[in-house]
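A.B. asks: Sequence first, predicted model second:
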Amino acid sequence: MTYQVLARKWRPKQFADVVGQEHVTRTLSNAISANRVAHAYLFVGPRGTGKTTTARIFAKALNCEKGPTPTPCDACDACKEIMAGTALDVIEIDAASNTGVDNVRDLRDNVRYSPVRGPYKIYVIDEVHMLSTGAFNALLKTLEEPPDHVKFVLATTDPQKVPATIHSRCQRFDLRRIPVPVIAKAIGDIAKAEKIDIDEDALLAIARGADGGMRDAQSAMDQLIAFVGDKIREPDVLAVFGLLAREALEQVAQAVLDGNISVLIERIAELDSAGKDMQRMVIELMECFRNVLICMYAPDAAETLDITGRQREALLALASSSDPARILRILEILAETENRLRYAISRRTLVETALIRCARAATVVSIEDLLKQINELKLALDDSGAAELLHVESNAAAKKKSLTFTEPLPEQKSIAEDEPEESEPPQEAIPPDDSEEGIDPPGPRPSDDQLRSDHQRLFAHWHDLIEEASHAAPLIRSYLIDAKPVGVEIDQVHIGFDPEFASELENVDVPRNRKVLEKVLGRFLRRPIRVHFRILEAGEALPADIQLPEGHTHHDDNDSASNDLSDEALTAEQRWIRDPVVRMTLEAFNGEIIDIRE
């Protein structure tokens, strides 16, 4: 007797034997029992899920000598002929090789003839979507109103290509992909009957490779028996079909989440040398990260995944080492890569670059993280800095103490020469970091001598301070190169521009530059500082040449006649920047005024 492959030997003979399609078999059984059999059915589903098998069982149920019955006897001549494919009343047509109008015309002419043996003549048209447009049109009338003794069963893997006019004339049944545990159990039953020793991991590997198709799983089992005999283990399945072991898959996923690119390159090299299918690996990685995402959003749903308990624990560990936004970005990259792999010449190179992108996506700061930090900074400003700024700007009567000098400021000296008296700690060094640790907490009011010393040190190290600020705001250096500090107060530094460079003031006086400069000056002077930009009056020189009375005077920094441009001389942008609410908004969002429309 010739050998019969497992897919044919173990093909279901009853509706109850069809695996994973209970919603279809139950409906058909009830329809037969209730004598409510339709004249046309459309079976839709992936390959190997039981479309043709269900059609044959349906034909047996209708033409069995004891029928119509939902449980055909499998002993009568009609049942045997149908299962053998030799029944004259069951006509199976391959639409892929009978696509033309002439083929459908022959079918339409033959349906009028009565069945030979049973009560029904049943036409099973496989891959019906392959019919031409003309063939579909020729079939419409017959499909809608066939003779009473004719039943149609159409099967397709691509329902989108079947016209809506055909859909509307049939009862549609969608056969689903069979779950991994169901396939594993069915293959295990076959192995037990065939006296094959196979472990659980090997069964799961076969079921994963079958991709929801029972026929694929049975064919794989046949191939493994021929390869290793009657004892099958997981490494045998992985070696034959190029699948990845779950541990290897988890190691690659962990390396991606850790951003460990060197480990990724090593793993890809090992898998490629072992002959693993790169496209299949990407698909399985997508499934792995999809399961990780489920564990993040719905840990309880992880119990329903088609995995073992140990694999579920590994997924939960992966889920705890990242966040959903990054996993979603990784899935987008893998989906794009899987689509491009179909046309790639060097698959390994494409997969390596894709996984490097995934590793970067898993470790770099996401937009959500940046927005969160911005919101936190905004709240901090609202609680402290912004509220203080609003208060100061709105208080027109606030008076500040200003210090000027009658003697020329000294030439630039070294830091050692600029040190204050022994009683004062060194203050000129700028802390290397960007934190606020270099600013002392509020203390005693600085003396006039202290303010004088601060002014001298600021003037001496002005270029160094500009260079420090340019690290955070690159353009600030070009704006301040022709400006100098012209006055120092307790909490404010006045910076003067020669009238020739008035345009530079407009460029530099924006929230970002102001913040950076205030931070640098605050660290240098060891106290919170605000900056005030102004244009020097005609004939007024920069501090290197200035001669003012000895001592200090008080002045109102809001007095436009002495410290700032008059309202008439201000540009529209400068007038808006003076508004406290506008300034607070620009500071909070680190923005600038682009356009003004009044």
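C.D. replies: Received it, and whenever you're ready, just let me know what you need.
A.B. asks: Only C-alpha atoms from now on, for both contacts and neighbour counts.
C.D. replies: Will do.
A.B. asks: ok, the residue lying closest to L244 once chain neighbours are set aside - contacts?
C.D. replies: Closest residue to L244 apart from its sequence neighbours, by Cα to Cα, 6 or more residues apart in numbering: L238 at 6.3 Å. Going by Cα atoms under 8 Å, 6 or more residues apart in numbering, L238 touches 205, 244-245.
A.B. asks: Make TSV from those and add distance to Q450 and pLDDT to it.
C.D. replies: As requested, the contacts of L238 are arranged in TSV below (distance: Cα to Cα, whole Å; pLDDT from 0 to 100):
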residue	distance to Q450	pLDDT
A205	79	86
L244	72	77
A245	72	79
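A.B. asks: Tell me the one of those nearest D189?
C.D. replies: Taking Cα to Cα as the measure, D189 lies nearest A205 of those, at 15.7 Å.
A.B. asks: For the longest helix along the chain, name the packing helices and strands.
C.D. replies: If you go by DSSP state H, the chain has its longest helix at helix 278-297. Judged by 3 or more Cα pairs under 8 Å, 6 or more residues apart in numbering; DSSP states H and E, the packing partners of helix 278-297 are helix 246-258, helix 309-319, helix 324-341, helix 347-363.
A.B. asks: Can I get it in PDB, CA atoms only?
C.D. replies: Presented in PDB, the C-alpha positions along helix 278-297 are these (Å, rounded to 0.1, in the frame of the first residue of the first chain):
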ATOM      1  CA  MET A 278      15.800  36.800   8.600                       C
ATOM      2  CA  GLN A 279      12.200  37.700   7.500                       C
ATOM      3  CA  ARG A 280      10.800  35.100   9.800                       C
ATOM      4  CA  MET A 281      12.900  36.400  12.700                       C
ATOM      5  CA  VAL A 282      11.500  39.900  12.100                       C
ATOM      6  CA  ILE A 283       8.000  38.600  12.200                       C
ATOM      7  CA  GLU A 284       8.600  36.700  15.400                       C
ATOM      8  CA  LEU A 285      10.200  39.800  17.000                       C
ATOM      9  CA  MET A 286       7.100  41.700  16.100                       C
ATOM     10  CA  GLU A 287       4.900  39.100  17.800                       C
ATOM     11  CA  CYS A 288       7.300  39.200  20.800                       C
ATOM     12  CA  PHE A 289       7.100  43.000  21.200                       C
ATOM     13  CA  ARG A 290       3.300  42.900  20.600                       C
ATOM     14  CA  ASN A 291       3.000  40.400  23.500                       C
ATOM     15  CA  VAL A 292       5.200  42.700  25.600                       C
ATOM     16  CA  LEU A 293       2.800  45.600  24.800                       C
ATOM     17  CA  ILE A 294      -0.100  43.500  25.900                       C
ATOM     18  CA  CYS A 295       1.700  42.700  29.200                       C
ATOM     19  CA  MET A 296       2.200  46.500  29.700                       C
ATOM     20  CA  TYR A 297      -1.400  47.600  29.000                       C
END
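A.B. asks: and the residue nearest to L244, how far is that from A226?
C.D. replies: L238 is 15 Å from A226, where distance means Cα to Cα, to the nearest Å.
A.B. asks: Please report how far the residue nearest to L244 lies from L204.
C.D. replies: 11 Å.
A.B. asks: Tell me which helix or strand the residue nearest to L244 sits in.
C.D. replies: Counting by DSSP states H and E, the element that carries L238 is helix 234-241.
A.B. asks: what is the rounded mean pLDDT of that helix?
C.D. replies: Helix 234-241 carries an average pLDDT of 84.
A.B. asks: Any buried residues in the longest helix of the chain, and which?
C.D. replies: Within helix 278-297, the residues scored as buried using 16 or more other Cα atoms under 10 Å are 278-279, 281-282, 284-286, 288-296.
A.B. asks: How about stretch 60-76?
C.D. replies: Buried-residue list, stretch 60-76, by 16+ other Cα under 10 Å: 60-65, 67-74.
A.B. asks: how about these in JSON lines, adding distance to A472 and secondary structure?
C.D. replies: As requested, the buried residues of stretch 60-76 are exported to JSON lines (distance: Cα to Cα, whole Å; DSSP: H, G, I helix; E, B strand; the rest coil):
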{"residue": "K60", "distance to A472": "81", "secondary structure": "helix"}
{"residue": "A61", "distance to A472": "80", "secondary structure": "helix"}
{"residue": "L62", "distance to A472": "82", "secondary structure": "helix"}
{"residue": "N63", "distance to A472": "85", "secondary structure": "helix"}
{"residue": "C64", "distance to A472": "86", "secondary structure": "coil"}
{"residue": "E65", "distance to A472": "89", "secondary structure": "coil"}
{"residue": "G67", "distance to A472": "86", "secondary structure": "coil"}
{"residue": "P68", "distance to A472": "84", "secondary structure": "coil"}
{"residue": "T69", "distance to A472": "83", "secondary structure": "coil"}
{"residue": "P70", "distance to A472": "79", "secondary structure": "coil"}
{"residue": "T71", "distance to A472": "81", "secondary structure": "coil"}
{"residue": "P72", "distance to A472": "82", "secondary structure": "coil"}
{"residue": "C73", "distance to A472": "85", "secondary structure": "coil"}
{"residue": "D74", "distance to A472": "84", "secondary structure": "coil"}
